[in-house]
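Student: how would this look folded up:
(one chain, ligands or ions: 1)
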Amino acid sequence: MAATPVSRLQALVRIPTITIENETDADFRHHDAFIAALEHLYPALHSTLEREIVAGHSLLYRWPGSGAADPMLLMAHYDVVAATDEGWEHGPFSGDLDGDVIWGRGTLDDKGDLAAVFEAVENLVTAGFIPTRDIYLCIGHNEESYGTGARQIARLLEHRGIRVALVSDEGGAIVEGVFPGVADPIAVIGVSEKGLTTIVLTVEQHGGHASMPPRMTATVRLARAVQRLNEKPFPARLGPVTVGMLKALGPHSTGALRFAISNLWLTKGLVRVLLGRLSDETRAMVRTTQAVTQLSGSQSHNALAERATATINLRIAVGSSVAETEAHVRRAIRDPLVGIAVVDPAEPSPVSATTGDAWEAVSASVAAVYPGVIVAPYVMLAASDSRHFTGISDNVYRFSPFRMTTEQRGTLHAKNERMNVSTWLDGIRFYEHLIGRFAG
Ligand SMILES: [Zn+2]
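Tutor: Here you go, the predicted structure:
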(Lines give C-alpha, C1' and ligand atoms only; values in the text may rest on other atoms or scores of the structure.)
Protein backbone atom coordinates (compact mmCIF):
# COMPACT_ATOMS: atom_id res chain seq x y z
CA MET A 1 0.00 0.00 0.00
CA ALA A 2 1.31 3.46 -0.86
CA ALA A 3 2.47 5.55 2.07
CA THR A 4 0.21 8.43 3.13
CA PRO A 5 0.77 11.20 5.65
CA VAL A 6 -1.24 9.21 8.18
CA SER A 7 0.68 5.98 7.58
CA ARG A 8 3.94 7.86 8.04
CA LEU A 9 2.82 9.29 11.39
CA GLN A 10 1.69 5.81 12.42
CA ALA A 11 5.12 4.42 11.53
CA LEU A 12 6.85 7.07 13.64
CA VAL A 13 4.55 6.50 16.63
CA ARG A 14 5.33 2.75 16.50
CA ILE A 15 9.02 3.33 17.22
CA PRO A 16 9.20 3.45 21.03
CA THR A 17 11.67 6.32 21.43
CA ILE A 18 11.16 6.54 25.18
CA THR A 19 13.27 9.27 26.68
CA ILE A 20 16.51 8.02 28.22
CA GLU A 21 17.24 9.30 31.72
CA ASN A 22 20.89 8.29 31.84
CA GLU A 23 22.48 8.50 28.41
CA THR A 24 25.90 7.10 29.37
CA ASP A 25 26.24 3.66 27.72
CA ALA A 26 22.50 3.73 26.98
CA ASP A 27 20.82 1.70 24.25
CA PHE A 28 19.88 4.13 21.48
CA ARG A 29 18.58 1.46 19.10
CA HIS A 30 15.08 2.99 18.87
CA HIS A 31 16.42 6.52 18.45
CA ASP A 32 18.69 5.29 15.62
CA ALA A 33 15.72 3.52 14.03
CA PHE A 34 13.68 6.71 14.25
CA ILE A 35 16.36 8.77 12.51
CA ALA A 36 16.59 6.10 9.79
CA ALA A 37 12.79 6.11 9.42
CA LEU A 38 12.76 9.87 8.88
CA GLU A 39 15.31 9.49 6.06
CA HIS A 40 13.22 6.77 4.49
CA LEU A 41 9.83 8.48 4.88
CA TYR A 42 10.85 11.99 3.76
CA PRO A 43 13.25 11.51 0.83
CA ALA A 44 12.75 14.91 -0.84
CA LEU A 45 13.43 16.72 2.42
CA HIS A 46 16.58 14.69 3.00
CA SER A 47 17.87 15.29 -0.53
CA THR A 48 17.50 19.09 -0.20
CA LEU A 49 18.15 20.00 3.45
CA GLU A 50 21.56 19.69 5.10
CA ARG A 51 21.58 17.67 8.30
CA GLU A 52 23.88 17.69 11.30
CA ILE A 53 23.64 15.32 14.23
CA VAL A 54 24.16 17.13 17.52
CA ALA A 55 24.60 15.74 21.05
CA GLY A 56 24.50 12.19 19.72
CA HIS A 57 20.88 11.97 18.55
CA SER A 58 19.40 15.42 18.06
CA LEU A 59 19.01 16.68 14.50
CA LEU A 60 19.63 20.09 13.01
CA TYR A 61 18.48 20.54 9.42
CA ARG A 62 19.15 23.60 7.29
CA TRP A 63 17.08 24.41 4.24
CA PRO A 64 19.15 26.99 2.40
CA GLY A 65 17.19 30.08 1.39
CA SER A 66 17.69 32.46 -1.50
CA GLY A 67 18.03 35.56 0.71
CA ALA A 68 20.09 36.67 3.67
CA ALA A 69 17.32 37.65 6.13
CA ASP A 70 17.54 36.06 9.57
CA PRO A 71 16.31 32.46 9.43
CA MET A 72 13.24 30.82 10.89
CA LEU A 73 13.50 27.73 13.04
CA LEU A 74 10.88 25.04 13.50
CA MET A 75 11.29 22.79 16.52
CA ALA A 76 9.93 19.45 17.70
CA HIS A 77 11.19 16.50 19.72
CA TYR A 78 10.93 12.79 19.09
CA ASP A 79 11.54 11.32 22.53
CA VAL A 80 8.39 10.43 24.45
CA VAL A 81 7.59 9.71 28.07
CA ALA A 82 7.35 6.05 29.05
CA ALA A 83 4.06 4.15 28.82
CA THR A 84 2.89 0.62 29.51
CA ASP A 85 -0.15 -0.99 27.86
CA GLU A 86 -2.14 -0.76 31.08
CA GLY A 87 -5.30 1.32 30.78
CA TRP A 88 -4.85 2.17 27.10
CA GLU A 89 -7.71 1.46 24.69
CA HIS A 90 -5.09 0.99 21.97
CA GLY A 91 -1.49 0.27 22.93
CA PRO A 92 0.79 3.28 23.38
CA PHE A 93 3.03 2.17 20.52
CA SER A 94 0.31 0.61 18.37
CA GLY A 95 -0.13 3.64 16.13
CA ASP A 96 -3.64 2.26 15.54
CA LEU A 97 -5.94 4.19 13.28
CA ASP A 98 -9.54 3.99 14.47
CA GLY A 99 -11.96 6.17 12.52
CA ASP A 100 -10.59 9.73 12.69
CA VAL A 101 -8.17 8.96 15.52
CA ILE A 102 -4.50 7.96 15.57
CA TRP A 103 -3.60 6.37 18.89
CA GLY A 104 -0.32 6.35 20.68
CA ARG A 105 2.32 7.96 22.82
CA GLY A 106 3.73 10.97 21.05
CA THR A 107 0.77 11.69 18.77
CA LEU A 108 0.24 14.96 20.68
CA ASP A 109 3.67 15.25 22.35
CA ASP A 110 5.46 15.66 20.08
CA LYS A 111 5.66 13.37 17.05
CA GLY A 112 2.44 14.87 15.71
CA ASP A 113 4.15 18.26 15.47
CA LEU A 114 7.34 16.75 14.13
CA ALA A 115 5.58 14.80 11.40
CA ALA A 116 3.40 17.79 10.46
CA VAL A 117 6.53 19.92 9.99
CA PHE A 118 8.19 17.16 7.94
CA GLU A 119 5.08 16.65 5.77
CA ALA A 120 4.91 20.39 5.09
CA VAL A 121 8.58 20.65 4.14
CA GLU A 122 8.43 17.48 2.03
CA ASN A 123 5.41 18.89 0.15
CA LEU A 124 7.05 22.27 -0.43
CA VAL A 125 10.37 20.78 -1.57
CA THR A 126 8.51 18.49 -3.95
CA ALA A 127 6.56 21.46 -5.33
CA GLY A 128 9.85 23.25 -6.08
CA PHE A 129 9.45 25.90 -3.37
CA ILE A 130 12.67 27.70 -2.44
CA PRO A 131 12.52 29.68 0.81
CA THR A 132 13.59 33.32 0.76
CA ARG A 133 15.49 32.83 4.01
CA ASP A 134 17.17 29.84 5.64
CA ILE A 135 14.84 27.50 7.48
CA TYR A 136 16.21 25.33 10.28
CA LEU A 137 14.52 22.29 11.73
CA CYS A 138 15.63 21.51 15.28
CA ILE A 139 14.62 18.02 16.36
CA GLY A 140 15.48 17.17 19.97
CA HIS A 141 16.06 13.65 21.27
CA ASN A 142 15.77 14.28 25.01
CA GLU A 143 13.25 17.07 25.67
CA GLU A 144 11.45 14.91 28.22
CA SER A 145 14.61 14.33 30.25
CA TYR A 146 17.33 16.95 30.03
CA GLY A 147 16.87 18.90 26.82
CA THR A 148 20.62 18.87 26.22
CA GLY A 149 20.14 18.21 22.49
CA ALA A 150 18.19 21.42 21.88
CA ARG A 151 20.45 23.35 24.24
CA GLN A 152 23.53 22.29 22.28
CA ILE A 153 21.85 23.23 19.00
CA ALA A 154 21.04 26.68 20.40
CA ARG A 155 24.68 27.09 21.48
CA LEU A 156 25.91 25.94 18.10
CA LEU A 157 23.79 28.53 16.28
CA GLU A 158 24.82 31.23 18.75
CA HIS A 159 28.47 30.30 18.20
CA ARG A 160 27.92 30.72 14.46
CA GLY A 161 26.57 34.21 15.05
CA ILE A 162 23.05 33.34 13.91
CA ARG A 163 20.03 35.36 15.09
CA VAL A 164 16.69 33.68 14.48
CA ALA A 165 13.71 35.76 13.33
CA LEU A 166 11.03 33.27 14.34
CA VAL A 167 11.16 30.14 16.50
CA SER A 168 8.17 27.80 16.60
CA ASP A 169 7.90 24.93 19.08
CA GLU A 170 5.30 22.83 20.88
CA GLY A 171 3.17 24.58 23.47
CA GLY A 172 -0.34 25.94 23.28
CA ALA A 173 -2.99 24.47 21.01
CA ILE A 174 -6.51 25.19 19.84
CA VAL A 175 -8.61 24.73 22.95
CA GLU A 176 -12.21 25.10 24.01
CA GLY A 177 -13.99 25.51 27.32
CA VAL A 178 -11.00 26.77 29.31
CA PHE A 179 -12.67 30.12 29.97
CA PRO A 180 -16.35 30.07 30.87
CA GLY A 181 -18.03 32.81 28.85
CA VAL A 182 -15.85 32.24 25.78
CA ALA A 183 -17.62 29.85 23.42
CA ASP A 184 -15.32 30.08 20.40
CA PRO A 185 -12.21 27.94 20.15
CA ILE A 186 -9.00 29.76 21.10
CA ALA A 187 -5.51 29.29 19.65
CA VAL A 188 -3.33 29.95 22.66
CA ILE A 189 0.20 30.81 21.63
CA GLY A 190 2.90 30.67 24.27
CA VAL A 191 4.96 33.87 24.23
CA SER A 192 6.82 33.00 27.40
CA GLU A 193 7.13 30.09 29.74
CA LYS A 194 7.34 29.86 33.47
CA GLY A 195 10.66 29.29 35.17
CA LEU A 196 11.20 26.19 37.18
CA THR A 197 13.27 24.96 40.03
CA THR A 198 13.42 22.14 42.48
CA ILE A 199 13.84 22.92 46.15
CA VAL A 200 14.90 20.13 48.50
CA LEU A 201 14.05 20.48 52.19
CA THR A 202 16.24 18.45 54.52
CA VAL A 203 16.02 17.85 58.26
CA GLU A 204 18.79 15.90 59.95
CA GLN A 205 18.93 14.52 63.49
CA HIS A 206 20.47 11.68 65.44
CA GLY A 207 18.72 8.43 64.66
CA GLY A 208 17.55 6.00 67.27
CA HIS A 209 14.90 3.48 68.09
CA ALA A 210 11.33 4.46 67.34
CA SER A 211 10.28 3.35 70.86
CA MET A 212 11.91 6.43 72.44
CA PRO A 213 11.29 9.26 70.02
CA PRO A 214 12.17 12.87 70.88
CA ARG A 215 9.32 15.39 70.89
CA MET A 216 10.20 16.68 67.45
CA THR A 217 11.48 14.01 65.07
CA ALA A 218 13.07 14.93 61.74
CA THR A 219 9.98 13.69 59.92
CA VAL A 220 7.59 15.76 62.02
CA ARG A 221 9.72 18.88 61.58
CA LEU A 222 9.75 18.23 57.86
CA ALA A 223 5.99 17.68 57.77
CA ARG A 224 5.47 20.95 59.63
CA ALA A 225 7.62 22.74 57.07
CA VAL A 226 5.62 21.23 54.20
CA GLN A 227 2.39 22.20 55.91
CA ARG A 228 3.56 25.78 56.48
CA LEU A 229 4.58 26.09 52.87
CA ASN A 230 1.28 24.70 51.69
CA GLU A 231 -0.60 27.24 53.81
CA LYS A 232 1.27 30.08 52.15
CA PRO A 233 0.70 29.98 48.41
CA PHE A 234 2.58 32.44 46.24
CA PRO A 235 0.72 35.70 45.64
CA ALA A 236 -1.43 35.95 42.51
CA ARG A 237 -0.47 38.54 39.94
CA LEU A 238 -1.92 39.55 36.61
CA GLY A 239 1.14 39.98 34.42
CA PRO A 240 1.20 41.74 31.04
CA VAL A 241 0.93 38.48 29.06
CA THR A 242 -2.17 37.38 30.93
CA VAL A 243 -3.65 40.86 30.49
CA GLY A 244 -2.88 40.55 26.75
CA MET A 245 -4.62 37.20 26.69
CA LEU A 246 -7.72 38.58 28.42
CA LYS A 247 -7.84 41.51 26.01
CA ALA A 248 -7.75 39.11 23.06
CA LEU A 249 -10.61 37.09 24.57
CA GLY A 250 -12.65 40.12 25.62
CA PRO A 251 -14.54 40.84 22.40
CA HIS A 252 -15.49 37.15 22.10
CA SER A 253 -16.72 36.67 25.64
CA THR A 254 -20.17 37.13 27.07
CA GLY A 255 -21.80 38.23 30.30
CA ALA A 256 -19.78 39.06 33.38
CA LEU A 257 -16.49 38.04 31.81
CA ARG A 258 -16.99 40.47 28.94
CA PHE A 259 -17.74 43.28 31.36
CA ALA A 260 -14.75 42.41 33.54
CA ILE A 261 -12.35 42.23 30.61
CA SER A 262 -13.52 45.40 28.96
CA ASN A 263 -13.16 47.25 32.27
CA LEU A 264 -9.88 45.77 33.46
CA TRP A 265 -8.82 49.12 34.91
CA LEU A 266 -11.64 48.62 37.37
CA THR A 267 -11.82 44.86 37.72
CA LYS A 268 -8.19 43.78 37.65
CA GLY A 269 -8.18 42.69 41.28
CA LEU A 270 -11.43 40.80 40.83
CA VAL A 271 -10.23 39.05 37.68
CA ARG A 272 -7.03 38.04 39.46
CA VAL A 273 -9.01 36.49 42.28
CA LEU A 274 -11.37 34.84 39.79
CA LEU A 275 -8.58 33.24 37.77
CA GLY A 276 -6.97 32.16 41.03
CA ARG A 277 -10.10 30.14 41.87
CA LEU A 278 -11.56 29.02 38.54
CA SER A 279 -9.47 25.90 37.95
CA ASP A 280 -6.05 24.45 38.65
CA GLU A 281 -5.05 25.62 35.19
CA THR A 282 -6.10 29.27 35.56
CA ARG A 283 -4.73 29.25 39.12
CA ALA A 284 -1.33 28.29 37.73
CA MET A 285 -1.58 31.12 35.19
CA VAL A 286 -1.48 33.82 37.84
CA ARG A 287 1.12 32.60 40.31
CA THR A 288 4.21 30.59 41.05
CA THR A 289 3.03 27.09 41.91
CA GLN A 290 4.54 24.63 44.33
CA ALA A 291 4.05 20.87 44.35
CA VAL A 292 5.60 18.54 46.90
CA THR A 293 6.49 15.59 44.71
CA GLN A 294 8.72 13.39 46.87
CA LEU A 295 9.04 12.64 50.57
CA SER A 296 11.59 10.39 52.23
CA GLY A 297 12.34 9.35 55.79
CA SER A 298 13.73 6.30 57.45
CA GLN A 299 14.58 3.12 55.54
CA SER A 300 13.12 1.07 58.35
CA HIS A 301 9.69 1.03 59.95
CA ASN A 302 11.09 1.03 63.49
CA ALA A 303 14.09 3.35 63.23
CA LEU A 304 13.96 7.13 63.45
CA ALA A 305 14.94 8.97 60.28
CA GLU A 306 18.43 10.47 60.49
CA ARG A 307 17.55 12.45 57.44
CA ALA A 308 14.11 13.39 56.13
CA THR A 309 13.69 15.14 52.80
CA ALA A 310 10.92 16.70 50.76
CA THR A 311 11.29 17.63 47.11
CA ILE A 312 9.25 20.56 45.88
CA ASN A 313 8.72 21.27 42.20
CA LEU A 314 8.16 24.98 41.66
CA ARG A 315 7.00 26.70 38.47
CA ILE A 316 7.98 30.34 38.64
CA ALA A 317 5.59 33.03 37.37
CA VAL A 318 6.78 35.34 34.62
CA GLY A 319 7.71 38.56 36.39
CA SER A 320 9.12 36.69 39.39
CA SER A 321 12.52 35.00 39.79
CA VAL A 322 14.36 32.07 41.32
CA ALA A 323 15.66 34.33 44.12
CA GLU A 324 12.18 35.63 44.97
CA THR A 325 10.87 32.06 44.96
CA GLU A 326 13.55 30.84 47.34
CA ALA A 327 12.95 33.81 49.64
CA HIS A 328 9.22 33.03 49.76
CA VAL A 329 9.92 29.40 50.69
CA ARG A 330 12.31 30.48 53.50
CA ARG A 331 9.78 32.95 54.86
CA ALA A 332 6.96 30.43 54.77
CA ILE A 333 8.90 27.69 56.55
CA ARG A 334 10.58 29.95 59.14
CA ASP A 335 12.65 27.17 60.68
CA PRO A 336 16.45 27.37 60.68
CA LEU A 337 16.72 23.63 61.27
CA VAL A 338 15.17 22.90 57.87
CA GLY A 339 17.86 22.92 55.19
CA ILE A 340 16.77 24.53 51.91
CA ALA A 341 18.68 23.70 48.72
CA VAL A 342 17.84 25.09 45.29
CA VAL A 343 18.47 22.55 42.51
CA ASP A 344 18.54 23.13 38.71
CA PRO A 345 17.04 26.62 38.72
CA ALA A 346 15.79 28.17 35.47
CA GLU A 347 14.41 31.72 35.35
CA PRO A 348 11.10 32.45 33.54
CA SER A 349 11.61 33.11 29.82
CA PRO A 350 11.64 36.59 28.35
CA VAL A 351 8.33 37.58 26.74
CA SER A 352 8.20 37.45 22.93
CA ALA A 353 6.54 40.18 20.90
CA THR A 354 2.82 40.10 20.04
CA THR A 355 3.34 42.54 17.21
CA GLY A 356 5.61 42.45 14.16
CA ASP A 357 6.16 40.12 11.20
CA ALA A 358 6.85 36.93 13.14
CA TRP A 359 3.77 37.22 15.35
CA GLU A 360 1.67 38.23 12.33
CA ALA A 361 2.91 35.19 10.39
CA VAL A 362 1.85 32.83 13.17
CA SER A 363 -1.54 34.44 13.77
CA ALA A 364 -2.30 34.78 10.05
CA SER A 365 -1.49 31.08 9.57
CA VAL A 366 -3.94 30.19 12.34
CA ALA A 367 -6.59 32.36 10.68
CA ALA A 368 -5.95 30.81 7.26
CA VAL A 369 -6.31 27.22 8.45
CA TYR A 370 -8.76 27.67 11.30
CA PRO A 371 -11.09 30.52 10.37
CA GLY A 372 -13.05 31.92 13.30
CA VAL A 373 -10.56 30.78 15.92
CA ILE A 374 -9.48 33.47 18.40
CA VAL A 375 -5.71 33.98 18.67
CA ALA A 376 -4.45 34.81 22.15
CA PRO A 377 -0.98 34.98 23.70
CA TYR A 378 -0.40 33.17 26.98
CA VAL A 379 2.30 32.05 29.36
CA MET A 380 3.06 28.39 28.87
CA LEU A 381 2.81 26.57 32.18
CA ALA A 382 5.12 23.68 31.34
CA ALA A 383 8.66 23.96 30.02
CA SER A 384 9.75 23.37 26.44
CA ASP A 385 13.07 23.10 24.60
CA SER A 386 12.39 26.48 22.99
CA ARG A 387 13.48 28.30 26.15
CA HIS A 388 17.09 27.59 25.11
CA PHE A 389 16.55 29.79 22.06
CA THR A 390 15.45 32.99 23.78
CA GLY A 391 19.10 34.11 23.74
CA ILE A 392 19.22 34.13 19.93
CA SER A 393 15.64 35.12 19.13
CA ASP A 394 13.13 37.73 20.34
CA ASN A 395 10.26 35.85 18.71
CA VAL A 396 9.81 32.43 20.27
CA TYR A 397 6.29 31.03 19.89
CA ARG A 398 5.09 27.84 21.51
CA PHE A 399 2.09 26.49 19.65
CA SER A 400 1.00 23.08 18.36
CA PRO A 401 -1.45 23.80 15.52
CA PHE A 402 -4.03 21.19 16.48
CA ARG A 403 -7.47 21.20 18.03
CA MET A 404 -7.38 19.43 21.38
CA THR A 405 -10.29 18.75 23.69
CA THR A 406 -9.78 19.25 27.42
CA GLU A 407 -9.95 15.48 27.77
CA GLN A 408 -7.29 15.01 25.10
CA ARG A 409 -5.00 17.53 26.74
CA GLY A 410 -5.33 15.42 29.88
CA THR A 411 -3.77 12.49 28.01
CA LEU A 412 -0.42 14.30 27.63
CA HIS A 413 2.08 12.23 29.61
CA ALA A 414 -0.86 9.98 30.58
CA LYS A 415 -2.99 7.17 29.17
CA ASN A 416 -4.81 7.13 25.84
CA GLU A 417 -2.86 9.90 24.10
CA ARG A 418 -4.32 10.32 20.63
CA MET A 419 -4.62 12.76 17.75
CA ASN A 420 -7.54 13.41 15.43
CA VAL A 421 -6.55 12.91 11.80
CA SER A 422 -8.57 15.88 10.54
CA THR A 423 -6.85 18.39 12.80
CA TRP A 424 -3.45 16.80 12.21
CA LEU A 425 -3.88 17.31 8.46
CA ASP A 426 -4.85 20.93 9.19
CA GLY A 427 -1.62 21.19 11.19
CA ILE A 428 0.38 20.27 8.08
CA ARG A 429 -1.38 23.09 6.24
CA PHE A 430 -0.56 25.43 9.12
CA TYR A 431 3.17 24.76 8.73
CA GLU A 432 2.97 25.09 4.94
CA HIS A 433 1.24 28.41 5.40
CA LEU A 434 3.71 29.61 8.05
CA ILE A 435 6.71 28.80 5.84
CA GLY A 436 5.08 30.38 2.78
CA ARG A 437 4.16 33.48 4.71
CA PHE A 438 7.44 34.03 6.54
CA ALA A 439 9.91 32.63 4.00
CA GLY A 440 8.04 32.90 0.70
ZN1 LIG B 1 6.83 17.76 24.40
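Student: alpha carbons only for contacts and neighbour counts from here, please
Tutor: Fine.
Student: Check the burial of residue 275 by counting its neighbours.
Tutor: The local packing of residue 275 (other Cα atoms under 10 Å) involves 20 other residues.
Student: how much space is there between it and the ion?
Tutor: 26 Å (Cα to the ion, to the nearest Å).
Student: quick one, strands of the stretch 151-300 of the chain?
Tutor: 166-175, 186-193, 195-204, 289-296 (DSSP state E, counting those that start in this stretch).
Student: Out of those, which gets nearest to the ion?
Tutor: Nearest to the ion among the strands of the stretch 151-300 of the chain is strand 166-175; the distance by Cα to the ion comes to 6.4 Å.
Student: how about that closest one: buried residues?
Tutor: Residues of strand 166-175 classed as buried by neighbour count (16 or more other Cα atoms under 10 Å): 166-175.
Student: quick check, residue 2 in a strand?
Tutor: No: residue state for residue 2 (DSSP: H, G, I helix; E, B strand; the rest coil) corresponds to coil; a strand is not indicated.
Student: Give me the pLDDT value at it.
Tutor: pLDDT for residue 2: 81.
Student: Could you report the separation of residue 32 from the ion?
Tutor: Distance, residue 32 to the ion, by Cα to the ion: 19 Å.
Student: Make sure I have this right: that residue is in a helix.
Tutor: Yes: with three-state DSSP as the criterion, residue 32 is located in a helix.
Student: What sits closest to it if chain neighbours are left out?
Tutor: Leaving aside its chain neighbours, residue 32 sits nearest to residue 57 (7.6 Å; criterion: Cα to Cα, 6 or more residues apart in numbering).
Student: swap in residue 261?
Tutor: residue 250 is the one closest to residue 261 (Cα to Cα, 6+ apart), at 5.4 Å.
Student: ok, how many other residues are close to that neighbour?
Tutor: The number of residues near residue 250, taken as other Cα under 10 Å, comes to 19.
Student: What of residue 432?
Tutor: Neighbour tally, residue 432, other Cα under 10 Å: 21.
Student: Contact partners for residue 320?
Tutor: Applying Cα atoms under 8 Å, 6 or more residues apart in numbering to residue 320 gives the contacts residue 348.
Student: can you give me phi and psi for it?
Tutor: The phi/psi pair for residue 320 (degrees, to the nearest 10) reads phi -100, psi -170.
Student: For it, list each beta-bridge partner.
Tutor: residue 318 (DSSP bridges).
Student: So it versus residue 314, what's the distance?
Tutor: 12 Å (Cα to Cα, to the nearest Å).
Student: So the residue in the stretch 1-150 of the chain that the ion sits nearest to: helix, strand or coil?
Tutor: Proximity of the stretch 1-150 of the chain to the ion (Cα to the ion) peaks at residue 109, 4.5 Å away. The three-state assignment at residue 109 reads coil, by three-state DSSP.
Student: Could you double-check that it lies in contact with residue 411?
Tutor: No: using Cα atoms under 8 Å, residue 109 is not in contact with residue 411; the gap is 9.7 Å.
Student: quick one, which of those two is more surrounded?
Tutor: The neighbour count for residue 109 versus residue 411, taken as other Cα under 10 Å, is higher for residue 109 (27 against 15).
Student: Can you tell me how far that one is from residue 210?
Tutor: 47 Å.
Student: quick one, what contacts the residue of the stretch 1-150 of the chain closest to the ion?
Tutor: Here residue 109 is in contact with 80, 170, 412 (Cα under 8 Å, 6+ apart).
Student: ok, is stretch 10-28 in contact with the ion or not?
Tutor: No: using Cα under 5 Å from the ion, we find that stretch 10-28 stays clear of the ion, coming within 10.9 Å at best.
Student: For residue 383, which three-state class applies?
Tutor: Using three-state DSSP, the structure places residue 383 in coil.
Student: doesn't residue 193 make contact with it?
Tutor: Yes: in this structure residue 383 lies within contact range of residue 193 using Cα under 8 Å: 6.3 Å.
Student: from what I can see residue 82 touches residue 19, true?
Tutor: Yes: taking Cα under 8 Å as the definition, residue 82 is a contact partner of residue 19 at 7.1 Å.
Student: Who has more neighbours out of those two?
Tutor: Ranked by neighbour count (other Cα under 10 Å), residue 82 and residue 19 place residue 19 first, with 20 against 15.
Student: residues near the residue nearest to residue 418 when sequence neighbours are not counted, how many?
Tutor: Using Cα to Cα, 6+ apart and skipping residues adjacent in sequence, the residue nearest residue 418 is residue 103, 4.4 Å away. Per other Cα under 10 Å, the neighbour tally for residue 103 reads 27.
Student: What residues does the stretch 1-150 of the chain have near the ion?
Tutor: Checking the stretch 1-150 of the chain against the ion by Cα under 5 Å from the ion, the hits are 109-110.
Student: Residue 114 and residue 93: what is the separation?
Tutor: 16 Å.
Student: If you could redo that for residue 269, that was the one I meant.
Tutor: 47 Å.
Student: of residue 114 and residue 93, who's got more company?
Tutor: Neighbours were counted for residue 114 and for residue 93 using other Cα under 10 Å; residue 114 has more, 27 against 22.
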